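J.: Everything below, folded, please.
(one chain, ligands or ions: 1)
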Amino acid sequence: MSASLLEIRDLSMIFGGLTALSNVSFDVAPGSITALIGPNGAGKTTLFNCVTGFYKPTLGQMRLQPPGKTPVNLVAVLGEPLRATDFTAPGRIPRKLYFKLFGGSHRVARAGVARTFQNIRLFREMTVMENLLVAQHQQVNRNPIAGIIKSPGFRRSEREAIARAAYWLEQLDLADAANRLAGELPYGHQRRLEIARALCTGPKLICLDEPAAGLNPRETEALSTIIRRLRDEHGVTVFLIEHDMGLVMEISDHVVVLDHGEVIAQGKPDEVSKDPVVLEAYLGVEASAE
Ligand SMILES: Nc1ncnc2c1ncn2[C@@H]1O[C@H](COP(=O)(O)OP(=O)(O)OP(=O)(O)O)[C@@H](O)[C@H]1O
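T.: Model (predicted):
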């Protein structure tokens, strides 16, 4: 049995002539906090965009294997192009055509991957509660007839969605803000609301893109407690990009270091922080700046 929730193998992403990711391979263990670090332009966001289905990688494999569930080939569900070699094994063609027509990032979300963004992307004119309800459209009963007649099943799924939203608002210390407009919340609260919105989808893997960006030290401390609680109390696996090295070293179980699109090191935080290759490429810049 494989011990990883997310398995990335030989992933490459090429934009025109620019290789943003080159043969990237690593694993994210279930129930862990895994951090992706690296200097600006290293390819971190590109990798996140691949894992969450916003980009189709040029080459390589990404597999999500939630314990006890069927593994999902995240590259296949995005819809791969047909290649000449497929005609040597025609059995593959119907599945490829199906995902070409009906595949996309929604399939990745359905498989259990949720994300937040480097630049907050909330529905600013909606209330906090409405933001969380919109995020759950996959889980609620979307049958229009059931909606018009307000069938028992429709009302039950609505109640469950509201209860789920209220639960995560409580967990992220936002319960008092449920009826406020998202755009009116202080910045730190908006960051937490983005995390709550991702959690409402019931993810197996939550990808946080620079969750501490713009937070003050007190807010960062609160965030680190929240992220650890997600792992320890809710069994959510966390994969995050972060520039705040204090936070990364404090909360991560595993750190992957990217530089120029390649993995230059990975391991436990204390191993990575002492690795001369990392110090030279990244932490050395930080250390000399302190
Ligand atoms: N859609 C795109 N089209 C072309 N080039 C891109 C695209 N997205 C990213 N790149 C390039 O890929 C490289 C990696 O960028 P990426 O944003 O992934 O780095 P990053 O490590 O997240 O950087 P930062 O820490 O500054 O956010 C950069 O050279 C960037 O210009």
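J.: use CA for all of it now, contacts and neighbours both
T.: OK.
J.: Arg218 and the ligand, how far apart?
T.: Note on Arg218: its distance to the ligand, by CA to the nearest ligand atom, to the nearest Å, is 23 Å.
J.: Pull the number of nearby residues for that residue.
T.: 8 (other CA atoms under 10 Å).
J.: what's near enough to touch it?
T.: Neighbouring residues of Arg218 by CA atoms under 8 Å, 6 or more residues apart in numbering: there are none.
J.: looking at this, it is in a helix?
T.: Yes. Using DSSP: H, G, I helix; E, B strand; the rest coil, the assignment for Arg218 is a helix.
J.: Next one: it from Ala35, what distance?
T.: Arg218 sits 21 Å away from Ala35, taking CA to CA, to the nearest Å as the criterion.
J.: And Gly60, by the same measure?
T.: Taken as CA to CA, the span from Gly60 to Ala35 is 21 Å.
J.: what does Gly41 give?
T.: 16 Å.
J.: neighbour count winner among Gly60 and Ala35?
T.: Ala35 (26 against 16).
J.: so what strands line up beside the host helix or strand of that one?
T.: Ala35 is part of strand 33-37 when elements are defined by DSSP states H and E. As defined by DSSP bridges, the strand partners of strand 33-37 come to strand 237-241 (parallel), strand 254-259 (parallel).
J.: Could I get the full set of helices for the protein?
T.: 44-51, 93-102, 105-111, 128-134, 144-149, 152-171, 187-199, 217-234, 245-251, 269-274, 276-278, 284-289 (DSSP state H).
J.: Tabulate those in a markdown table, adding columns for distance to Gly261.
T.: Compiled in a markdown table, the helices of the chain are given as follows (distance: least, CA to CA, whole Å):
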| stretch | distance to Gly261 |
| --- | --- |
| helix 44-51 | 8 |
| helix 93-102 | 27 |
| helix 105-111 | 22 |
| helix 128-134 | 34 |
| helix 144-149 | 46 |
| helix 152-171 | 35 |
| helix 187-199 | 27 |
| helix 217-234 | 26 |
| helix 245-251 | 20 |
| helix 269-274 | 17 |
| helix 276-278 | 14 |
| helix 284-289 | 18 |
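J.: Next, format those helices as TSV and append mean pLDDT.
T.: Listed next are the helices of the chain as TSV, based on pLDDT from 0 to 100:
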stretch	mean pLDDT
helix 44-51	95
helix 93-102	78
helix 105-111	87
helix 128-134	91
helix 144-149	70
helix 152-171	86
helix 187-199	93
helix 217-234	94
helix 245-251	94
helix 269-274	92
helix 276-278	89
helix 284-289	49
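J.: per-residue pLDDT, the residue in the stretch 51-200 of the chain positioned nearest to the ligand?
T.: Across the stretch 51-200 of the chain, the shortest distance to the ligand (CA to the nearest ligand atom) belongs to Gln118, at 7.9 Å. We note a pLDDT of 80 for Gln118 in this prediction.
J.: where does the closest residue to Glu184 other than its chain neighbours fall, phi/psi-wise?
T.: Spatial nearest neighbour of Glu184, chain neighbours left out: Arg124 (7.6 Å); criterion: CA to CA, 6 or more residues apart in numbering. According to degrees, to the nearest 10, the main-chain angles of Arg124 amount to phi -70, psi -30.
J.: Tell me the pLDDT of Arg124.
T.: 86.
J.: and it, how many neighbours does it have?
T.: Arg124 has 15 neighbouring residues, counting by other CA under 10 Å.
J.: neighbours of Glu80, just the number please.
T.: Per other CA under 10 Å, the neighbour tally for Glu80 reads 18.
J.: And Ile93, by the same measure?
T.: Going by other CA under 10 Å, the residues that sit close to Ile93 add up to 13.
J.: just use 46 as the starting number from now, easier for me
T.: Done: numbering now begins at 46, and the last item shifts to Ile138.
J.: if I pick the most centrally placed residue in the chain, what's in contact with it?
T.: Per CA atoms, centre = their mean, the C-alpha nearest to the average position across the chain is that of Cys252, at 2.1 Å. Contact analysis of Cys252 by CA under 8 Å, 6+ apart lists 93, 97, 158-161, 283-286.
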